[in-house]
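A.B. asks: Provided below for reference: sequence and predicted model.
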Amino acid sequence: MSKFLHLVCLLALLAGVPAAHALDSKIALSDYHHDIWTSKDGAPGEVYSMAQTADGWLWIGASTGLYRFDGVRFTRFEALSGEVAPKRPVTALKALRNGDLLIGYVFGGLSLLSKGHISHYPSSLGNELMGPVLNAIRDDDGAVWAATTNGLLQLRQGAWRNVGEEMGLPPGRVSNILLDQYSQIWLAAGEHLVVLARGAKRFRTVLSGYSTVNLTASPDGRLWLDTHGKLITVPAQHPGPQLPRPAWMAQAEGQESGIFDRDGNYWTLGCPGMCRTDGIGQQANSVYTPAAEADSRLDQPWQVSNLTANVVFEDRDGNIWIGTQAGVERFRNNRLARARLNGGERFFSFGRDHDGRVLVWAKPTNELWRLNEDGSAVVLERGPASHFGVLSNSPDGALLKAGAQHIERRRGDAVEIIAYPDGLSEAGGVSATRILDDGRALWLSVSRRGTYRWQDGKWTHQGELGLPNSIAFAAPGGPGEMWFGYNDGLILHYENGRLTRYTPERGEDIGAITYIHQGPEVLIGGDGGLAVLQGEQFRRLNVADAEALSRVSGMVIAANGDRWFNGNKGVVHVRAAQWRAALADPRAPLEYTLYGVQQGYPGFAATANRQPSAIADAYGQLWFAGVGGIARLDSSRSDPPLQPPAVKLEMLMSQGKRYLDLTQPVVLPPGTTALRIEYTALSYTMPEALRFRYQLDGVDQGWQETGTRRAVSYTNLRPGDYRFRVAAMNQFGQWSKEEAVMSVRILPTFTQTPLFYGLCALAGAGLLYLLYRLWARQATLRIATRMAERERIARALHDTFLQSVHGLTLSFQSALRALPSDSASRGRIERVLLLADQVMEEGRNEVQDLRSGAMGDGDLAHGLALVGEVLQESHRAVFSLRTLGRPRRLDEQVACEAYSIAREALQNAFRHAGAASIQIVLEYAPGAFSLQVVDDGKGIADELIRNGSNGRWGLTGMFERAARIGGQLALENVEGGGTRVRLEVTAARAYAGQARWKRWLPRWLRAG
């Protein structure tokens, strides 16, 4: 291989090296975050092999079959429809560079999993069954090799061949086979370690006399032989420079005895349990005994799931996995490390010594500790058990220690003693709970006694300073300046004797004050969150999870402006840019990263002793007091970002059927209305912290935030095409690079097809047409019958009544000519004849109306005036007609019915009322037409108003006519005597030219 080719390979391999660090070797195994999954968690037992494929899946081979794990759920592998899943005990797994997975079995045989599809190689060697597959590879030419108890097998033309003898191997079992970064094949055969160079035909021996358990590579690319007792460097067999171990090689498979993590530390199984020997991979070539030289170990039954561990594996994020007889275990870094004190501590107060190291005074153990930058703790002083006594620092760096007898100010080797105020000492001394220095004065708080200020050698009680009792938290500002917080949310600013009050405003209240800090800005913490002083009031900061920044009792500001808060859920990291954005817009959500109990935090922030619970030393270490102890965070350590979570769609279920191949559109049968989709994301450091969002296009309005839930169900779905999308975010705010997308098609039933809807539309149209024809036929028949009746009446009137009246008129005219011209009787008869002519004219009009079905021009006033004048001639009553409003043309039917109602009312009034005057009032109003017939007669009996007259149909007919035109008819007695008949018809029905559909609207809607 040329030097140029070596350089190209080197660059390519370096590009593939994972960015994540290995687990921190500065801490013991017991201080890692250690998770254990057993059968009660769904984990398989008797785990023999592990591998991580290029798509991120962690695969587990066990005696019960093949499983994959997303960090939360173990899922037995299911083959796609038409394929056969592996059901035999799995002994070997090998992740290939192209993303495929080789699977070897106890009872012989090998399978290939590629893009979700599984295929099976033969399980026999000639006429015999294969022995157990211990390991397998696929070389750069695509040839498959298997290390078995039968020897070295190679797959040729679909059949296995034992090629050991022809390639120079001793007969018998081979235990390991490995393809290195130089395309060389390594094999452990018996007590020989042999290698096959690229293009060579025969193996050659490199080492002899060693019974190999496994072959493994260190991060620098060197190969090591593990005999379980010894770890031996393998002499290099390649030309050119040393190439580092590539990522595909590190994640290809777990090892039976031990592995190198990516920092060169060696993890060994069976010592017993497991142990870690630091830095071997960085040492010179030699022979090592890792178990005997272990730097840390877990070898007690209560520390692990089972002391019999079968495989160890490092994933691409640097987490270490162990497969045991009982289940699966994982070790990962905690961002926080616990400070190891003696135990029994409940309260802590912090200070710094003259070297910048952190001191912590623990109560009630009453021990003063120095916390070193490497995480170790050294006890400096120890006294009788006590709940009182505190530390702090002056602005000049001096250490303040308020003990039982006096206050000490320590600066280097110099110690100044300050006496307490008189009268405070009790049995055991003074119960000091707070000591602060504002640059001009000391402030001392004593249990049940309140707060005192020491200035110019004199103590002054808070009452003399105007400070209310029950101070919850206090913090110094500038020289002579103090801030005090209370449980009701009140903040007091004391500045050289002047007090300023800040009372909580509506919407900005954060409850009881747990922390105050004056720095670049004045910040307060409380039960309900954080607030910052802006102008003359404190503005509350908006946080997505209010609990994360509630009950903050400490804060550290780093040199770069980052802020580290100690709160109700652990340590909250807010970067400088995020903090500036929050100050610019307090209503915008504050972005942050939380390090809680899953990252090693001991419970939640300590607030009971009302002391600052966070401090930084001079060496980049941050210390936080929680209710369960003290946690250390190394701010100088900058871990590279993890791999973003890879989102995976696992299954779709509908109508009891499971769909596993989601790379192609899923077609669901007709009648489907509900489905369930299961999804996950691969991020093995903190999979329980992953948060998801999803969207089903066409159903969901935008992204749906689902939290940690990994399944969603939909109901009431209609036929059509749908597209489901899901994304995930890890604990550091990294979103998956790509969404997982799936297409779903729901086929329609016949009743949901356009054809069915078209047929329904045609059937509906046909039915409407038939109904219309039936209605038209009935309407035509009714009109014909009505017209025939009208014609009959008209003929009868014309042929009988009018002819008879005309004959009588002629007779009276003949008799009139015989009377003298000045005869009084002659004048009376002439007036009667005139009335007869009017009656004839009216009769002819009625005949004409019957034939035409209307009043002709609709002149209702003229017709009614004629009727009234005729009736007036025969009776004593005086008739009059009055019109209100501008007369409008009436609808033909309304005019006819109104005329008939008024004529009937006039006849009744003239004949029966005994009235002196009778009046008709016609009112043409914009909203309605009304007609009234009013007399001043004797009125009408109430019984007739309610029930009408037996045997007489005049009143009944009036009401029926009013109903036919949709009008309202009222008959009532008038106060003072007389009767009123009133007809009212809405404008939409009464006046000609109105749209017909408006006539059927409710009156209130027409009025609007």
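C.D. replies: Alright, I've got the coordinates.
A.B. asks: Kindly state the pLDDT recorded for the residue lying closest to Thr277 once chain neighbours are set aside?
C.D. replies: Using CB to CB, 6 or more residues apart in numbering and skipping the chain neighbours, the partner closest in space to Thr277 is Pro290 (4.2 Å). Placement of C-beta: from N, CA and C, glycine included. At Pro290, the pLDDT value in this model is 91.
A.B. asks: Can you tell me the SS state at Pro290?
C.D. replies: coil (DSSP: H, G, I helix; E, B strand; the rest coil).
A.B. asks: thinking it is in contact with Thr268, fair?
C.D. replies: Yes. In this structure, Pro290 is within contact of Thr268 by CB atoms under 8 Å, at 4.6 Å.
A.B. asks: which of the two has more neighbours?
C.D. replies: Thr268 (27 against 24; other CB atoms under 10 Å).
A.B. asks: which residues does the residue nearest to Thr277 contact?
C.D. replies: Pro290 sits next to 231, 258, 266, 268, 271, 275, 277, 280 when contact means CB atoms under 8 Å, 6 or more residues apart in numbering.
A.B. asks: Overlap of the contact sets of Pro290 and Thr268?
C.D. replies: 258, 275, 277.
A.B. asks: Can you name the residues that contact Thr500?
C.D. replies: 492-493.
A.B. asks: Can you go through the shared contacts of Pro290 and Thr268 and name the buried ones?
C.D. replies: 258, 275, 277 (16 or more other CB atoms under 10 Å).
A.B. asks: what are the ranges of the helices in the stretch 901-1008 of the chain?
C.D. replies: Remark: helices assigned in the stretch 901-1008 of the chain by DSSP state H, counting those that start in this stretch are 942-947, 954-964, 987-990, 1003-1007.
A.B. asks: Out of those helices, which gets nearest to Thr365?
C.D. replies: Shortest distance between Thr365 and the helices of the stretch 901-1008 of the chain, using CB to CB, is found for helix 1003-1007: 83.8 Å.
A.B. asks: and the closest one, average pLDDT?
C.D. replies: On average, helix 1003-1007 scores 48.
A.B. asks: thinking again about what came up before, just give me the closest of the contacts of Pro290 to Leu102.
C.D. replies: Looking across the contacts of Pro290 and measuring by CB to CB, the closest to Leu102 is Gly258, at 22.1 Å.
A.B. asks: And the closest one, how far from Ala250?
C.D. replies: Applying CB to CB, to the nearest Å, the value for Gly258 to Ala250 is 14 Å.
A.B. asks: Dump the contacts of Pro290 into a markdown table; add pLDDT, distance to Ala79 and secondary structure as well.
C.D. replies: Formatted as a markdown table, those follow (pLDDT from 0 to 100; distance: CB to CB, whole Å; DSSP: H, G, I helix; E, B strand; the rest coil):
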| residue | pLDDT | distance to Ala79 | secondary structure |
| --- | --- | --- | --- |
| Leu231 | 93 | 40 | strand |
| Gly258 | 93 | 34 | strand |
| Tyr266 | 95 | 38 | strand |
| Thr268 | 94 | 36 | strand |
| Cys271 | 86 | 39 | coil |
| Cys275 | 94 | 39 | strand |
| Thr277 | 94 | 42 | strand |
| Ile280 | 93 | 42 | helix |
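A.B. asks: ok, of those residues, which one's closest to Ala472?
C.D. replies: Closest to Ala472, out of all of these and judged by CB to CB, is Cys275, at 49.2 Å.
A.B. asks: okay but the closest one is in contact with Leu298, surely?
C.D. replies: Yes. Using CB under 8 Å, Cys275 is in contact with Leu298, at 7.4 Å.
A.B. asks: Could you tell me which residues touch both of these two?
C.D. replies: With CB under 8 Å, 6+ apart as the test, Cys275 and Leu298 both reach Leu29.
A.B. asks: The nearest residue to Gly209 once chain neighbours are set aside: what's it in contact with?
C.D. replies: Leaving aside its sequence neighbours, Gly209 sits nearest to Glu191 (CB to CB, 6+ apart; 5.6 Å). Contact partners of Glu191, counting by CB under 8 Å, 6+ apart, are 208-212.
A.B. asks: By neighbour count, which of the residues you listed wins?
C.D. replies: Going by other CB under 10 Å, Thr212 tops the contacts of Glu191 with 23 neighbours.
A.B. asks: Phi, psi for Leu583 please.
C.D. replies: Main-chain dihedrals, Leu583, degrees, to the nearest 10: phi -70, psi -30.
A.B. asks: Just the pLDDT at it, thanks.
C.D. replies: pLDDT, read off for Leu583, is 91.
A.B. asks: Could you check how far it is from Leu533?
C.D. replies: Taking CB to CB, one finds Leu583 at 11 Å from Leu533.
A.B. asks: Just send the buried ones among the shared contacts of Pro290 and Thr268 back as TSV, with distance to Ala909 too.
C.D. replies: TSV is the format used below for those (distance: CB to CB, whole Å):
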residue	distance to Ala909
Gly258	123
Cys275	123
Thr277	126
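A.B. asks: So for the helix or strand in which Arg777 is found, mean pLDDT?
C.D. replies: Under the criterion of DSSP states H and E, Arg777 resides in helix 754-796. Per-region confidence: helix 754-796 scores 81 on mean pLDDT.
A.B. asks: Phi and psi next, for the residue nearest to Thr53 when sequence neighbours are not counted.
C.D. replies: Nearest residue to Thr53, sequence neighbours excluded (CB to CB, 6+ apart): Ala95, at 4.7 Å. Torsion angles at Ala95 (phi, psi; degrees, to the nearest 10) stand at phi -80, psi 130.
A.B. asks: Fine by me, we can end here.
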